[in-house]
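Chemist: Could you work out the structure for the sequence below:
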Amino acid sequence: MAATGHGQTLLQGFALPLAAALALMGALVVAGSAGTLLPVALAGTAAAGVLIAGFVRGAPWGIAALLTMALLGLSLNFRVRGVGEVGLDWQNGAKLATWVVLAGVTVLRRRDLAPLLRQPCYGLAFAYAGLALASTGWSQTPAYTAANALGMVAYLGLAGLAATRMGEGAALRTMIAAISVLAAVSLAGGLLVPDLAWSPPSDVEVNYRLEGFSGHPNALGQQAAVLCLLAVAARRLRAIGTVAFLAAAGLGLATLLTSRSRFALTAFLASWAFVVLRRRPAGRVLMAGGAGLALLAAALVTVLPLSGIDALFDGLSRTGDASEIVTLTGRTDLWAAAAELIARAPLFGWGFAGTEGMLADYVPRNFVGATVNPHNMVMQTLMSLGFLGSLPAFALFALLGVKAFVRPDDLRDQVVLFVLIDGLGEVEVYGTPVLLNLVFYWALARDAAGAAPGRLAHYGRASP
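Modeler: Prediction:
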């Protein structure tokens with residue numbers, strides 16, 4: 001009777017690793033690798049038990065360890081998955097086991113997260129995750145939808161605990177260190193195992209691109225751009241020194257350039273320029289002038305002779321073919337196919353991440369790109385949850401847009417603008433949860449912690 005407090009803590013500490021072990025073992029059995037990986041699974045489970053016990057208790061070191069594992073371990077991709085292959089293998093089984101544990105801890109630590117949920121932006125993100133989980137009921141791939149929705153809940157919970165229990169500086173340093181290792185491993189792989197780490201030219205490209213061990217060059221480019229973004233933000237907040245900043249930013253930029261991810265590079269540079277220029281009157285004038293020039297350029301494109309446009313775009317494309325620019329590397333075909341699917345289920349969509357195998361039926365027969373998703377954040381959420389189901393997503397970004405001018409915050413606004421710009425060509429935070437989801441949710445949770453009363457504001461803004 002007297003040992004209820006410590007007993008519950010110990011029970012939680014052992015029950016969650018046991019659940020993770022069972023889920024991981026199930027994945028291994030399905031993959032047919034249980035015999036060879038059993039010792040590794042048992043050793044990993046023992047180590048994870050210690051870390052998760054600290055995480056359950058809300059210890060900063062436990063949260064930092066799980067944050068590192070999510071950013072680094074779950075971002076590695078050692079297999080190529082075909083379009084529509086949503087079954088369980090050893091790798092996504094391990095990811096699912098981790099998400100189950102993180103979601104379970106989110107429930108156990110709900111009192112820590114309750115004040116954050118009362119803040120609009122973090123609350124809207126959780127509302128979207130709840131609708132995604134509910135869409136399991138009408139999804140074409142219910143198990144896959146449920147797993148991805150659970151991943152959103154898991155990352156929202158981990159981000160909330162990192163914002164409230166670790167402190168701003170410690171969380172930034174942890175994320176930068178984890179993603180730096182990921183970038184370093186990718187660059188090292190490009191030198192040591194080039195056949196595995198470099199993506200050969202495709203039908204729409206002529207150059208090799210570094211993909212490291214992230215599964216795709218664009219995925220690696222996004223991760224590297226996030227590293228550059230966090231390094232800039234941490235230096236601005238004095239959370240890291242000059243040497244650490246130069247090392248992280250240099251590593252991220254080298255990885256980003258070798259991945260040749262133009263959307264990610266543009267999103268990083270544009271978001272950085274925005275938070276720098278808006279501080280000064282001259283900078284705001286410069287941004288307004290840049291926006292005017294962009295509109296003028298768009299107007300000129302519509303009236304120039306086609307031959308002139310083709311000549312211009314030939315020089316800007318990677319392949320020397322204007323169609324690469326005009327179609328955004330085939331994305332316009334995907335958007336047209338996505339529009340047809342949205343029209344067929346406009347209110348609540350097809351279920352979160354439940355359209356992976358459907359796009360291929362609507363693209364032109366000569367389409368040569370990947371049809372995993374529509375490569376656009378708005379199209380992705382409308383296909384997944386429809387116009388009604390996507391209302392929390394639209395409300396979230398509308399509110400964040402207002403905050404950028406009413407209550408500016410450089411870190412939050414830079415992350416949000418990066419997501420919006422890169423979201424023009426990728427699904428960003430509305431597809432399968434990835435590294436960017438966790439960083440985006442942490443920015444929301446940090447902002448919510450700063451607005452919440454009492455100790456949360458202290459934890460959320462602490463720099464040490």
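Chemist: Can you pull out the residues in contact with stretch 396-406?
Modeler: Contacts of stretch 396-406 from elsewhere in the structure, counted by C-beta atoms under 8 Å, 6 or more residues apart in numbering, are 120-121, 124-125, 128, 409, 412-413, 416-417, 420, 447. C-beta coordinates here come from the backbone N, C-alpha and C atoms, glycine included.
Chemist: and if you look at stretch 177-187?
Modeler: Counting by C-beta under 8 Å, 6+ apart, stretch 177-187 makes contact with 67-68, 71-72, 75-76, 197, 210-214, 220, 223-224, 226-227, 230, 247-248, 251-252, 254-255, 258, 435, all of which sit outside it.
Chemist: Next: stretch 130-150.
Modeler: The list of residues contacting stretch 130-150 from outside it, by C-beta under 8 Å, 6+ apart, reads 86, 92, 96, 99-100, 103, 129, 152-153, 348-358, 384-385, 389, 392, 431-433.
Chemist: Would you mind listing which of the residues you listed are buried?
Modeler: Among the contacts of stretch 130-150, those classed as buried by neighbour count (16 or more other C-beta atoms under 10 Å) are 86, 92, 96, 99-100, 103, 129, 152-153, 348-358, 384-385, 389, 392, 431-433.
Chemist: now the protein, which segments are flagged as low pLDDT?
Modeler: Counting by pLDDT under 70, the low-confidence segments of the chain come to 1-56, 79-88, 90, 202-206, 281-330, 366-369, 452-464.
Chemist: Pull the most distant pair out of the contacts of stretch 396-406.
Modeler: Greatest spacing in these, by C-beta to C-beta: Y128 and D409 (21.1 Å).
Chemist: Who has more neighbours out of the two?
Modeler: Ranked by neighbour count (other C-beta atoms under 10 Å), Y128 and D409 place Y128 first, with 26 against 17.
Chemist: show me what contacts that one?
Modeler: When contacts are counted by C-beta under 8 Å, 6+ apart, Y128 is found next to 152, 385, 390, 392-393, 396.
Chemist: For it, give me phi and psi.
Modeler: Y128 has phi and psi values of phi -60, psi -40 when expressed as degrees, to the nearest 10.
Chemist: And G354, by the same measure?
Modeler: phi -100, psi 10.
Chemist: Now it: closest residue in space, sequence neighbours ignored.
Modeler: Leaving aside its chain neighbours, G354 sits nearest to S139 (3.8 Å; criterion: C-beta to C-beta, 6 or more residues apart in numbering).
Chemist: for the stretch 251-400 of the chain, what spans make up the helices?
Modeler: Secondary structure of the stretch 251-400 of the chain (DSSP state H, counting those that start in this stretch): helices located at 262-277, 281-303, 306-316, 322-326, 331-344, 377-389, 391-406.
Chemist: what sits up against stretch 336-343?
Modeler: Outside stretch 336-343, the residues that touch it by C-beta under 8 Å, 6+ apart are 349-350, 355, 358-359, 362-363, 371, 374, 376, 379-380, 382-383, 386.
Chemist: I misspoke; the intended subject was stretch 61-79.
Modeler: Stretch 61-79 is contacted by residues 51-56, 89, 91, 95, 98, 102, 155, 158, 161-162, 165-166, 170-171, 174-175, 177-179, 181-182, 185, 213-215, 219, 223, 434-435, 438 when judged by C-beta under 8 Å, 6+ apart.
Chemist: now do 7 Å
Modeler: With contacts defined as C-beta atoms under 7 Å, 6 or more residues apart in numbering, stretch 61-79 is touched by 51, 54-55, 91, 95, 98, 102, 158, 161-162, 165-166, 170, 174-175, 178-179, 181-182, 213-215, 223, 435, 438.
Chemist: do stretch 223-234 as well
Modeler: Applying C-beta under 7 Å, 6+ apart, the external contacts of stretch 223-234 come out as 75, 172, 175-176, 179-180, 182-183, 214, 240, 245, 248-249, 251-253, 255-256, 259, 264-265, 267-268, 271-272, 410-411, 414-415, 418, 435-436, 439.
Chemist: Show me the residues you listed that map onto strands.
Modeler: The strands in this structure, assigned by DSSP state E, contain none of those.
Chemist: Drop anything exposed from those.
Modeler: Applying 16+ other C-beta under 10 Å to the contacts of stretch 223-234 flags 75, 172, 175-176, 179-180, 182-183, 214, 240, 245, 248-249, 251-253, 255-256, 259, 264-265, 267-268, 271-272, 410-411, 414-415, 418, 435-436, 439 as buried.
Chemist: can you give me the helices in the stretch 1-150 of the chain?
Modeler: Using DSSP H, counting those that start in this stretch, the helices assigned to the stretch 1-150 of the chain run over residues 4-31, 34-56, 60-72, 90-108, 110-117, 120-134, 142-161.
Chemist: Apart from its neighbours in sequence, what residue is nearest A254?
Modeler: Leaving aside its sequence neighbours, A254 is closest to L187 (6.5 Å, by C-beta to C-beta, 6+ apart).
Chemist: Please apply the same query to A345.
Modeler: G386 (6.1 Å).
Chemist: quick one: the one you found from F394, how far?
Modeler: For G386, the distance to F394 equals 12 Å [C-beta to C-beta, to the nearest Å].
Chemist: Which one's more surrounded, these two?
Modeler: Taking neighbours as other C-beta under 10 Å, G386 and F394 compare with G386 leading, 21 against 15.
Chemist: quick one: the more buried one from L227, how far?
Modeler: Between G386 and L227 the distance, using C-beta to C-beta, works out to 34 Å.
Chemist: I'd say R446 and L161 touch.
Modeler: No - between R446 and L161 there is no contact, the gap being 11.7 Å when judged by C-beta atoms under 7 Å.
Chemist: between the two, what contacts are shared?
Modeler: None of the residues lies in contact with both R446 and L161 under the rule C-beta under 7 Å, 6+ apart.
Chemist: Buried only: go through the contacts of stretch 177-187 for me.
Modeler: Among the contacts of stretch 177-187, those classed as buried by 16+ other C-beta under 10 Å are 67-68, 71-72, 75, 197, 210-214, 220, 223-224, 226-227, 230, 247-248, 251-252, 254-255, 258, 435.
Chemist: returning to what we had before: where's the residue nearest to A345 relative to L156, distance?
Modeler: As judged by C-beta to C-beta, G386 and L156 stand 22 Å apart.
Chemist: Report how many residues lie close to A244.
Modeler: Residue neighbour count, defined by other C-beta under 10 Å, stands at 17 for A244.
Chemist: likewise A370?
Modeler: One way to gauge burial is a neighbour count; for A370, by other C-beta under 10 Å, it gives 15.
Chemist: what about it, distance to V427?
Modeler: 12 Å.
Chemist: if we can go back for a sec, make TSV from the contacts of stretch 396-406 and add distance to R109 to it.
Modeler: Conversion of those to TSV gives the following (distance: C-beta to C-beta, whole Å):
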residue	distance to R109
P120	21
C121	20
L124	20
A125	17
Y128	20
D409	25
R412	23
D413	28
V416	26
L417	30
L420	30
D447	19
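Chemist: Buried members of the residues you listed into PyMOL, please.
Modeler: Command for PyMOL that selects the buried part of those, burial taken from 16+ other C-beta under 10 Å:
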select buried, resi 120+121+124+125+128+409+412+413+416+417+420+447
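Chemist: which of the contacts of stretch 396-406 lies closest to R278?
Modeler: Sorting the contacts of stretch 396-406 by how near they are to R278, with C-beta to C-beta, puts D413 at the top with 8.5 Å.
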